[in-house]
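Peer 1: No sequence on hand, only this structure:
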């Protein structure tokens, strides 16, 4: 694919392509061949290995640009622009807030939410008018289909990115739908949780009434040498680790493969066990199938730790 004009975000717009001498037929053929990828009506991007969140981010930016900045990108769409991590978000539609108390509208590609936004709830990121980080997190927490876990995940992520907890607490003191769940999740939110899988793990522990674990503790051997920083631990005797492939990919060292990172993780786990710490692990599938809480409860009981 060559010659198509792109903007600062790497987007190709039908209007600018036509101005550059391309025809609709050429654009359609380019999409069919995979030379360009349609991300929104009238907007395309060069092909590439993108996550669903990255593709949706481009769609949200394109929608805003095509509207001339007259709409405010919000909810899950604003989250992708801010870089907020969400738990299994629905990214089928670009979400916008109308600034009006009435007139919500939904199509197959757009979801326009009603609501008046205060000036301090709107920001500009990469030239796009979107809801602030705090307002975005609250909107997602109130509307997520993943319930308490989804709300906790987005608040954990917001705090990791530096969101103001006090501002979010003020925002959830309303009567909007889903705000009770959001209020409860914000109470438990902790920026030390490093990804949505860890947030979902903690949500299941909270809802089951398990003893609260310590997050991201640095373990050392008797000589004081660093051994490992763990996802969860109880009294320094039981360690819980959430395993996701993104975890290994995110922390790759130069020249490493995911397999190398997994082997390093195994060595780290062996070092913990040599100090008398029990290590248990779980995956996305374990969370989906409800196996995590029974496993933790069993080991808390075996080790004589408190299990509510």
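Peer 2: Perfect, I can see it now. Note that the structure is predicted; figures quoted are calculated from it, not measured.
Peer 1: host element of residue 219?
Peer 2: strand 214-220 (DSSP states H and E).
Peer 1: Show me the contact partners of the helix or strand containing residue 96.
Peer 2: Using DSSP H and E, residue 96 sits in strand 94-97. Strand 94-97 is touched from outside by 40, 56, 59-60, 63, 71-78, 109-115, 117, 131, 139, with contacts defined as C-beta atoms under 8 Å, 6 or more residues apart in numbering. Where you see a C-beta, it was placed from the backbone N, CA and C, and this is true even at glycine.
Peer 1: Report the buried members of the residues you listed.
Peer 2: The neighbour-count test (16 or more other C-beta atoms under 10 Å) marks 40, 56, 59-60, 63, 71-78, 110-113, 115, 131, 139 as buried among the contacts of strand 94-97.
Peer 1: Among the contacts of strand 94-97, which ones are in strands?
Peer 2: Among the contacts of strand 94-97, the members found in strands (DSSP state E) are 40, 72-73, 110-113, 131.
Peer 1: what's near enough to touch the residue sitting nearest the centre point of the chain?
Peer 2: Nearest residue to the geometric centre of the chain (C-alpha atoms, centre = their mean): residue 85, 1.2 Å. Counting by C-beta under 8 Å, 6+ apart, residue 85 touches 153-154, 157, 195-196.
Peer 1: circling back: quick check: neighbours of the strand holding residue 96 in the sheet, parallel or antiparallel?
Peer 2: Note on strand 94-97: by DSSP bridges, its sheet partners are strand 72-73 (antiparallel), strand 110-113 (parallel).
Peer 1: Quick one: neighbours of the residue nearest to residue 214 when sequence neighbours are not counted, just the number.
Peer 2: Counting by C-beta to C-beta, 6 or more residues apart in numbering, the nearest residue to residue 214 once its immediate chain neighbours are dropped is residue 233, at 5.2 Å. Look at residue 233: counted by other C-beta atoms under 10 Å, it has 21 neighbours.
Peer 1: Could you measure from residue 233 over to residue 239?
Peer 2: Going from residue 233 to residue 239 by C-beta to C-beta, to the nearest Å gives 5 Å.
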